[in-house]
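Novice: Quick check, what structure comes out for this input:
(chains A and B)
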Amino acid sequence: MKKNSKLTNFYLALMIIITYIPIVITVVYSFNESKISTIWSGISLKWYEELFRDRDMKEALRNSLVLAFFCCSLSAIIGTLGAVGMSKVKTKANHVIEYLATIPIMIPEIILGMVFLAVFSLLSIPFGMTTLVIAHTSFCIPYVLLNVKARLAGMDGSLEEAARDLGAGRFRAFIDIVLPLITPAILSGVLLSFAMSFDDVVISIFVTGPKVNILPVKIYTKIKTGVTPEINALATVLLAATVLLLFLSGWIGRRAGRFENKEDGNEERN
Amino acid sequence: MTMKKRKNKSIYLMLVPIYAFTIIFVLFPILYMILLSFLSKAEVWGVVKEVTLDNYKKITEPLYIKTFLDSIKLAAISTGFVVLLGYPFGYFMAKLSKKWKRRMMELIMVPFWTSGLMRLYGWIIVFRSNGTLDQILMGLHITKSPLKLLYSYEAVVVGMIYALMPFMVLSVYSSAEKMDWTLVEAARDLGATKFKAFITITLKQTMPGLLSGVILTFVPSMGMFFVADLLGGNKIVLVGSVIQEQLTKGRNLPFAAAMSVVLMLLTTMLISLYKRVTGSGEMEGLV
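Specialist: Residues are numbered from 1 along each chain as shown, chains lettered A, B, ... in the order given. Predicted coordinates for the structure are as follows:
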């Protein structure tokens, strides 16, 4: 395999730079003293102070975290059980259910928002945290389901058989052999779910209640009404949290992957 | 025999949550949406329980046909740019050394994981009148007056490309990663030009990733009303915006449902076309 030329590496670098332009600008202006973001009038932390004083914002953040926690846990359980169950019981219905279960990430979000709005009104479930959790879980399940399914397909089935032959019960073999092997897949599915839930505006707008404030919806309405430096400060804080989280997950992933890498360390052929 | 039966039962239990959730919260809502689309709006609130095709007739009105065409046009333009810019990116990324691959992946993942809204917000600062771009261009004496890029079609396209690019890059990358490079070498050894080797070998092998990237770009772009909303002002009306308006302002649930059904048909057709062409059920790069 040939290495990239200078030109192609330049292209990669250029694209990355363009990707970071709006992010860097947002961060830089979060430290701007002036309220008008086109004028630079010195470094200041006052927008951060304002952000941390903002009670609405804090409540929105808390609600978003609670929502993400519930929908991630639910989709982790439902998705993992589903993927494992489907790999054991092979029926035609599985294909149908799998197809249906992945619909929420296959269709434009707006349809899902509209559909849930209609159904929750029909069933007269009060709009609020419950409806948010249900809606978010629906589009988070596919990430866990597909991730775990892919992992199971690539897994060495003989390990579980060996455990069973050596006298482990089905449950024991699952806990001791299968679960540790699919944990990275579950975690990466959950991580994706978290990001999707934390970021979702379109569906949330339709299913949130008048009393429940969540971060993406709050940001959306704020941006719509105009640019305020407080949003820059919030964006910077969220960015820092993201970088930290990615760093942590990368670190955990590398630690977890150590065992596997030893086995197929010859994979790299550059 | 009895033991086997007992075992199987506990396995069936594992399937209960996903079957129940999917049937109650995915299948039923979609069926209900289809039903709704054949009803009509009641005078004040709710729906009249009488089957009618009025909503679908309304969609064929020039105004709504235009909305659909505009949405498809914007999605197609955005997807086109995403292919042009993202395919090479994913392809070249797969050729990097393992260390740089990881670094690149991290560099892509950071913006991908930060809030999509926040990233759009950055572009608002760049594009707005007298914003960063204007200041740079005017400072360099390239332009004399503000370009007024915010609330323009171009701004929306940039926002779309920016939001959807990672999907293409990751899909193409995961395809190119699995590629058998020795085939390219073989083709070159047998006298194929670089271009011919690319078309016959590389493109063919990365096609699943490319197509999956196209779907992952095209489908969401049909419904991303907030990009058009924030970067395009109210000038650009998309199917997503119409559905949202019908729900919030018009309170016309049945018409919004009919629009959604048509939009859903369009996207499922695309996805099944993808599955037919690639012969696989999975989307490359999604997992």
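Novice: From now on I want contacts and neighbour counts done on CA atoms only, so please keep to that.
Specialist: Fine.
Novice: Name the helix or strand of chain B that has the lowest mean pLDDT.
Specialist: Using mean pLDDT, DSSP states H and E, helix B:2-22 stands out as the lowest-scoring helix or strand of chain B, at a mean of 76.
Novice: following it, which helix or strand shows up next?
Specialist: Counting by DSSP states H and E, the next helix or strand C-terminal to helix B:2-22 is helix B:28-36.
Novice: Please, which helix or strand holds the residue of the stretch 1-150 of chain A found nearest chain B?
Specialist: Chain B sits closest to residue A:22 of the stretch 1-150 of chain A, with a gap of 4.2 Å, by C-alpha to the nearest C-alpha. Per DSSP H and E, residue A:22 falls inside helix A:6-30.
Novice: Give me the contact list for the helix or strand just after that helix.
Specialist: Per DSSP H and E, the first helix or strand lying C-terminal to helix A:6-30 is helix A:46-53. In this structure, residues lying in contact with helix A:46-53 by C-alpha atoms under 8 Å, 6 or more residues apart in numbering or on different chains are A:30, A:31, A:33, A:57, A:58, A:229, A:230, A:233, A:234.
Novice: Now for the residues you listed: which two are most distant?
Specialist: Greatest spacing in the contacts of helix A:46-53, by C-alpha to C-alpha: A:33 and A:58 (22.5 Å).
Novice: helices or strands up against the top helix by length along chain B?
Specialist: In chain B, assigned by DSSP state H, the helix with the most residues is helix B:62-94. Where contact means 3 or more C-alpha pairs under 8 Å, 6 or more residues apart in numbering or on different chains; DSSP states H and E, helix B:62-94 is packed against helix A:6-30, helix B:98-113, helix B:153-177, helix B:203-221, helix B:239-248.
Novice: coming back round to it: looking at the contacts of helix A:46-53, which one is closest to residue B:176?
Specialist: Checking the contacts of helix A:46-53 one by one against residue B:176 (C-alpha to C-alpha), the nearest turns out to be residue A:234, at 36.9 Å.
Novice: list the contacts for the closest one?
Specialist: A:48, A:51.
Novice: repeat that with 10 Å
Specialist: Residues in contact with residue A:234 (C-alpha atoms under 10 Å, 6 or more residues apart in numbering or on different chains) are A:26, A:27, A:30, A:47, A:48, A:51, A:52, A:57, A:219, A:240, B:118.
Novice: where's the dip in pLDDT among these?
Specialist: Here the lowest pLDDT out of those sits on residue B:118, with 83.
Novice: For that one, give its distance to residue A:66.
Specialist: Using C-alpha to C-alpha, to the nearest Å, residue B:118 is found at 21 Å from residue A:66.
Novice: do the same with residue A:92
Specialist: The separation that residue A:92 has from residue A:66, given C-alpha to C-alpha, amounts to 36 Å.
Novice: Look at these two and report which has more neighbours.
Specialist: residue A:66 (15 against 8; other C-alpha atoms under 10 Å in any protein chain shown).
Novice: orientation of the helix or strand hosting the more buried one relative to helix A:46-53 in degrees?
Specialist: Assigned by DSSP H and E, residue A:66 belongs to helix A:55-88. For helix A:55-88 against helix A:46-53, the angle by axes from the mean of the first three to the mean of the last three C-alpha atoms, to 10 degrees is 70 degrees.
Novice: Is there any residue in helix A:55-88 that contacts chain B?
Specialist: Yes - counting by C-alpha under 10 Å from any C-alpha of the partner chain, chain B has neighbours in helix A:55-88: A:74-75, A:77-86, A:88.
Novice: Throw those residues into TSV and include pLDDT, thanks.
Specialist: Listed next are the residues of helix A:55-88 next to chain B as TSV, based on pLDDT from 0 to 100:
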residue	pLDDT
A:74	97
A:75	97
A:77	96
A:78	97
A:79	96
A:80	95
A:81	94
A:82	95
A:83	94
A:84	92
A:85	92
A:86	92
A:88	86
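Novice: and of these, the nearest to residue A:113?
Specialist: residue A:75 (18.3 Å).
Novice: Run a quick neighbour tally on the closest one.
Specialist: Residue A:75: 29 neighbours (other C-alpha under 10 Å).
Novice: And for residue A:232?
Specialist: Neighbours of residue A:232 (other C-alpha under 10 Å): 28.
Novice: hang on, it packs against residue A:25?
Specialist: Yes - Residue A:232 is within contact range of residue A:25, at 9.0 Å (criterion: C-alpha atoms under 10 Å).
Novice: just to revisit the earlier point, mind giving me the PyMOL command for buried ones among the residues of helix A:55-88 next to chain B?
Specialist: Buried residues within the residues of helix A:55-88 next to chain B, by 16 or more other C-alpha atoms under 10 Å in any protein chain shown, are selected in PyMOL with:
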select buried, chain A and resi 74+75+77+78+79+80+81+82+83+84+85+86
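Novice: tell me the contacts of residue A:18?
Specialist: With C-alpha under 10 Å, 6+ apart, residue A:18 has these contacts: residue B:162.
Novice: Likewise for residue A:239?
Specialist: Residue A:239 is in contact with A:23, A:27, A:233, A:245, B:110, B:111, B:113, B:114, B:115, B:118, counting by C-alpha under 10 Å, 6+ apart.
Novice: what do you get for residue A:164?
Specialist: A:158, A:170, A:171, A:172, A:173, A:174.
Novice: Of those residues, which are in range of chain B?
Specialist: Answer for the contacts of residue A:164 near chain B (C-alpha under 10 Å from any C-alpha): A:170, A:171.
Novice: Of the contacts of residue A:164, keep whichever come out buried.
Specialist: A:173, A:174.
Novice: which one of the contacts of residue A:164 is nearest chain B?
Specialist: Checking the contacts of residue A:164 against chain B by C-alpha to the nearest C-alpha gives residue A:170 as the nearest, at 8.0 Å.
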